[in-house]
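1. Provided below are the primary sequence and the corresponding predicted coordinates.
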Amino acid sequence: NDVSILSTGITDTGSPLICLSSGKSYVFDEGFGTWTLVSNTNDALNHCTDQKPHAFDPSSLPLSTIQSQTKTNRSMHTLFVTNANLQQSGVLSYIDQQLAASFVIGSAKEYRFWLIALAQHLSKESMESRLREVCQYLIGPVFKSSKSQWDPKILGNNKHDMLKEVLSIFATNLRLQRLYTEFKEQLEQMSTL
C-alpha cells in the first residue's frame with residue numbers, strides 16, 4: 001500500500017499538520033519532538049458514536065476539519081451496536097481520544113465540546129470516580145501556595161467556568177448528588193476568597 005500526503009497545514013498554535021491517504025493525521029508536538037496521531041479514520045473507536053461538534057464556520061473546529069479530510073470505514077459500526085458494554089467503553093475511549101487530540105492541536109472550542117461530552121457520558125453512566133477526576137482537575141488546588149503550578153485556564157477556557165457547566169450536567173442525577181454538592185460548595189467557597 002502506497003501512502004500519500006492528502007494535505008498539510010499549520011494549526012492555530014503553529015504546529016505542523018499532515019493528513020495521509022491511510023486515514024491518519026499527525027501534528028508535530030514540539031514539546032516531545034515527535035509526530036502525534038490526532039486522527040485515524042480506520043480506528044474502530046471512530047465508529048462507536050456519531051457524536052461530533054457542529055459549527056457554522058469549519059475553521060473554528062480544526063480537529064473536525066482534519067478528520068473530514070479522510071474517508072471513514074463504517075464497517076466496524078455493527079461491532080459496537082451489538083455489544084452494549086463494548087459500546088460504552090468505546091464511546092468513553094473515543095471521547096477521551098478526541099479530548100486529547102483537541103488539546104494537542106490547540107483547539108479551544110473542540111476541547112470544551114469534548115470535555116462537556118465526557119461529562120455528559122459519565123453522568124449518564126453514573127461513573128462517579130471518573131467524574132470526580134474531571135471535577136478535581138477543573139477546580140484545582142483548594143489552597144494556593146507559592147509553589148503551585150496550577151493554571152486556571154486550559155487553551156484559553158476558564159476551568160472554573162467549565163466546572164460550572166459540568167456540575168449543571170449532573171445536578172439532577174440522584175446517584176451523583178453527593179459529588180455535585182461537594183464540588184458546588186468548594187467552588188462557592190473559592191469564589192468568596
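-> Perfect, I can see it now.
2. CA-only coordinates of the helix or strand harbouring Y137 in PDB, if you can.
-> Assessed by DSSP states H and E, Y137 sits inside helix 128-139. The C-alpha atoms that make up helix 128-139 are tabulated as PDB, following Å, rounded to 0.1, in the frame of the first residue of the first chain:
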ATOM      1  CA  GLU A 128     -18.700   8.800  39.800                       C
ATOM      2  CA  SER A 129     -15.000   8.200  40.200                       C
ATOM      3  CA  ARG A 130     -14.100   9.300  36.700                       C
ATOM      4  CA  LEU A 131     -16.400  12.300  37.000                       C
ATOM      5  CA  ARG A 132     -14.700  13.200  40.300                       C
ATOM      6  CA  GLU A 133     -11.300  13.200  38.500                       C
ATOM      7  CA  VAL A 134     -12.700  15.600  35.900                       C
ATOM      8  CA  CYS A 135     -14.100  17.900  38.600                       C
ATOM      9  CA  GLN A 136     -10.800  17.800  40.600                       C
ATOM     10  CA  TYR A 137      -8.800  18.700  37.500                       C
ATOM     11  CA  LEU A 138     -11.100  21.700  36.800                       C
ATOM     12  CA  ILE A 139     -11.400  23.000  40.400                       C
END
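3. touching that helix from outside, list them.
-> Contact partners of helix 128-139, identified using C-beta atoms under 8 Å, 6 or more residues apart in numbering, comprise 115, 118-119, 122-123, 159-160, 162-163, 166-167, 170, 175-176, 179, 183, 186-187, 190. Placement of C-beta: from N, CA and C, glycine included.
4. one more pass at 6 Å, please.
-> 122, 159, 162-163, 179, 183, 186 (C-beta atoms under 6 Å, 6 or more residues apart in numbering).
5. repeat for stretch 23-36
-> Contacts for stretch 23-36 (C-beta under 6 Å, 6+ apart): 15-19, 37-42, 66, 70, 104-105.
6. quick one: the helix holding Y137 to chain centroid distance?
-> 14 Å (C-alpha atoms, centre = their mean, to the nearest Å).
7. which SSE is immediately downstream of it?
-> strand 153-154.
8. tell me which strands that following strand pairs with, and in which orientation.
-> According to DSSP bridges, strand 153-154 has the following sheet partners: strand 157-158 (antiparallel).
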